[in-house]
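Q: structure, please.
(one chain, ligands or ions: 1)
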Amino acid sequence: MDLSPGVLILCSLLASVAGQAAVVTVEPRTATVRQGESASFRCQVSGGAQPVGPIEWKRSNNQALPDNAKLGPGGSVLTIVSARPANQGQYHCKAGSSAGRGSATALLNVKFAPKVRLTPAGPLRVRMGDPVSVECRATGRPRPKLTWKRQGSTLQLVTSEANDVNTIRWPAIHPEDSGVYICQGVNNEGVTEVKVEIVVEGGLGAPVASVGATEMTVVEAHTVTMECQASGSPPPVITWSKLRAPLPWKHTVANGVLTLTSVGRQDSGQYICNATNTHGYSEAYVQMEVESPPYATCLPDQVRLQPRDSLSVQCLAHGSHPIQFVWTRVGRTSLPAGAQSTRDGQLLIAHVKLSDSGTYKCVATNHIGSSEALAKVIIKA
Ligand SMILES: *[C@@H]1O[C@H](CO)[C@@H](O)[C@H](O)[C@H]1NC(C)=O
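A: Alright, predicted model coming up:
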């Protein structure tokens, strides 16, 4: 703040004791600074009279000076260092001369950018259909103008303003009202924005996930795709996971479709599609079973016996159940008389003959495929 002689104004003149008065002036009479700037006022007894006694400075109502007030030579210069909004107001100086005591008043204006406050501050989670209102208040000098808009839009919303409170209000909020709202305070010193997020729960915007098939049976080594679709607004984000296990190593997800390449039996299980947006989430499940064709082996795959010995060969198979076993003799239309085969894949001959020598074949079959295994039987006397 400059103390230019031109601003010297005679300001106030008060009678003191016994009808006598000192003419006290303060210059400048009014100072306007920005927050953070400093202002100085000089108080003097005018008319060439010699000041008598100390110069005193006070705020209105005889309050003490703020802690950022500094007094200059002889107390005549009051400096408000790095002014704060609360420093705005009147400063009175009292001085005396041989003519008596008098006082003068200076006014400090502190301009500052808006400070904006919302009640409630948010984020707000509300039910669809509920009434909702958010109040925006601001301080600032000059007095700020308050407006509301929605994030991502420049359109000013229609709100009600009364007593320096600008209120945005919904008598019954809708899911599509979910979003971030901004109250903006503007004055010459700056622009201040405060945001509040409003999430409307339930209703049309909430996600609903659905899968193409809830149960799938697929064959080992094949590629599997699981589709998940979700309605909701804003459009939900789809994620896939597997119940109690990580997703198989060879998987990809694109546009809500989970693809598993070359599945194995260990990939069987429950897969979960999760559709999430600001209103919540929705899960849909796919139960997948990976099936495999049988793989058969004979135990033992070669036997040497003597006539009258007993023969027992087990056909083993792994793969999806149920598995059927059929024994035949290679090159013959039927098994030898006295041979029997069991449901669980055993080939039995109680007493073998020389003519039972040969190759026997087990075929294991399930609903996916079949597999053969051979057992060589050698009988020598
Ligand atoms: C689905 O997403 C929601 C929100 O992100 C989460 O709370 C929930 O646990 C998820 N469900 C699964 C199965 O991951």
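
Q: spell out which parts of the stretch 101-250 of the chain neighbour the ligand.
A: Contacts of the stretch 101-250 of the chain with the ligand, taken as CB under 6 Å from any ligand atom, map to Ser241. Where C-beta positions appear, they are placed from N, C-alpha and C, glycine not excepted.

Q: name the residue of the stretch 101-250 of the chain that lies nearest to the ligand.
A: Ser241 (5.0 Å; CB to the nearest ligand atom).

Q: need the contact list for the most centrally placed residue in the chain.
A: What sits nearest the mean C-alpha location of the chain, by CA atoms, centre = their mean, is Thr278, with 8.9 Å. The neighbours of Thr278, taking CB atoms under 8 Å, 6 or more residues apart in numbering as the test, are Ser178, Val199, Gly205, Pro234.

Q: same check, this time on Lys58
A: For Lys58, the contact set (CB under 8 Å, 6+ apart) comprises Ala64, Leu65, Tyr91, His92, Lys94.

Q: same deal with Asn366?
A: Contact partners of Asn366, counting by CB under 8 Å, 6+ apart, are Glu291, Pro293, Pro294, Gly319, Ser320, His321, Pro322, Ile323, Gln324.

Q: cool, Ala106 as well?
A: Listed by CB under 8 Å, 6+ apart, the contact set of Ala106 reads Cys11, Val26, Pro28, Arg29, Thr30, Ala31, Phe41, Leu78, Gln90, Tyr91, His92, Cys93.

Q: still on that earlier bit, in strands, which of the contacts of Lys58 fall?
A: Judged by DSSP state E, the subset of the contacts of Lys58 located in strands is Tyr91, His92, Lys94.

Q: columns neighbour count on top of those, output as CSV?
A: Output for these, formatted as CSV (neighbours: other CB atoms under 10 Å):
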residue, neighbour count
Tyr91, 24
His92, 20
Lys94, 19
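
Q: go through the residues you listed and say which is closest to the ligand.
A: Nearest member of the ones in strands among the contacts of Lys58 to the ligand, counting by CB to the nearest ligand atom, is Tyr91, at 59.0 Å.

Q: for whichever residue of the stretch 251-381 of the chain sits closest to the ligand, which non-adjacent residue is spatially closest?
A: In the stretch 251-381 of the chain, the residue that lies nearest the ligand is Asn274 (3.6 Å; CB to the nearest ligand atom). Of all residues beyond its chain neighbours, the one nearest Asn274 is Thr239 (4.8 Å), with distances taken as CB to CB, 6 or more residues apart in numbering.

Q: secondary structure element for the one you found?
A: Assigned by DSSP states H and E, Thr239 belongs to strand 237-242.

Q: can you list the buried residues in that strand?
A: By 16 or more other CB atoms under 10 Å, the buried positions in strand 237-242 come out as Ile238, Trp240, Lys242.

Q: which residues does the first one bridge with?
A: Read that as Ile238. Ile238 has these beta-bridge partners by DSSP bridges: Ala275.

Q: contacts only, for it.
A: Ala209, Cys228, Ala230, Val253, Gly256, Cys273, Asn274, Ala275.

Q: please apply the same query to Cys315.
A: By CB under 8 Å, 6+ apart, the contact set of Cys315 is Ala296, Thr297, Cys298, Leu299, Phe325, Trp327, Gly345, Gln346, Leu347, Cys362, Ala364, Ala373.

Q: could those go into a markdown table alongside pLDDT and secondary structure?
A: Formatted as a markdown table, the contacts of Cys315 follow (pLDDT from 0 to 100; DSSP: H, G, I helix; E, B strand; the rest coil):
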| residue | pLDDT | secondary structure |
| --- | --- | --- |
| Ala296 | 97 | strand |
| Thr297 | 97 | strand |
| Cys298 | 97 | strand |
| Leu299 | 95 | strand |
| Phe325 | 97 | strand |
| Trp327 | 96 | strand |
| Gly345 | 96 | coil |
| Gln346 | 96 | strand |
| Leu347 | 96 | strand |
| Cys362 | 97 | strand |
| Ala364 | 97 | strand |
| Ala373 | 97 | strand |
